[in-house]
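Student: I'd like to go over a predicted model; first the sequence, then the structure.
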Amino acid sequence: MPKEPIRPGDREQTRKNSLQRRVLQHLKHHGPKHYTNLALLFDPQGTGDTGLAVQTLMSGHYVEIGHDRMVQITGAGLRFLEDRSS
């Protein structure tokens with residue numbers, strides 16, 4: 001029996017989740033990055049998606065943004081990635 005078709009909203013949420021996970025992985029492997037550099041790296045078209053992803057990650061306490069606008073992964077962010085990989 002075929003699965004239920006993927007609705008457009010599901011696709012959008014999957015895309016947003018993927019971007020958040022990629023931002024966390026990048027911060028884990030490359031260390032803290034300036035907010036602007038993350039936006040240029042993950043959103044060169046300037047759609048604002050990276051900003052939304054970082055804000056969502058901040059609200060979940062997965063990243064912190066310092067006064068110098070450096071974004072860094074937190075312990076909760078590292079645990080989140082570990083939980084997803086196992």
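Tutor: Thanks, I have the structure now.
Student: by contact count, what packs against the host helix or strand of Leu41?
Tutor: Taking DSSP states H and E as the definition, Leu41 sits inside helix 35-42. Applying 3 or more Cβ pairs under 8 Å, 6 or more residues apart in numbering; DSSP states H and E, we find helix 35-42 packed against helix 8-30, helix 49-59, strand 70-73. For every residue, glycine as well, the C-beta is placed using N, CA and C.
Student: could you find the closest non-adjacent residue to Met58?
Tutor: Nearest non-adjacent residue to Met58, counting by Cβ to Cβ, 6 or more residues apart in numbering: Ile65, 6.5 Å away.
Student: tabulate the helices and strands packed on helix 35-42 (a markdown table), appending distance to Arg79, mean neighbour count and mean pLDDT.
Tutor: Shown next, in a markdown table, are the helices and strands packed on helix 35-42 (distance: least, Cβ to Cβ, whole Å; neighbours: other Cβ atoms under 10 Å; pLDDT from 0 to 100):
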| stretch | distance to Arg79 | mean neighbour count | mean pLDDT |
| --- | --- | --- | --- |
| helix 8-30 | 11 | 14 | 89 |
| helix 49-59 | 13 | 17 | 94 |
| strand 70-73 | 10 | 19 | 97 |
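Student: would you turn these into a markdown table with distance to Leu41?
Tutor: Formatted as a markdown table, these follow (distance: least, Cβ to Cβ, whole Å):
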| stretch | distance to Leu41 |
| --- | --- |
| helix 8-30 | 7 |
| helix 49-59 | 8 |
| strand 70-73 | 11 |
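Student: who wins for proximity to Asp83 among the ones you listed?
Tutor: Nearest to Asp83, of all the helices and strands packed on helix 35-42, is helix 8-30, at 11.4 Å by Cβ to Cβ.
Student: that closest one packs against which elements?
Tutor: Partner elements for helix 8-30 (3+ Cβ pairs under 8 Å, 6+ apart): helix 35-42, helix 49-59, strand 63-65, strand 70-73, helix 75-85.
Student: quick one: buried residues of the shortest one?
Tutor: Okay, so that is strand 63-65. Within strand 63-65, the residues that qualify as buried are 63, 65, counting by 16 or more other Cβ atoms under 10 Å.
Student: same check on the first one?
Tutor: Buried residues in helix 35-42, defined by neighbour count with 16+ other Cβ under 10 Å: 35, 38-39, 42.
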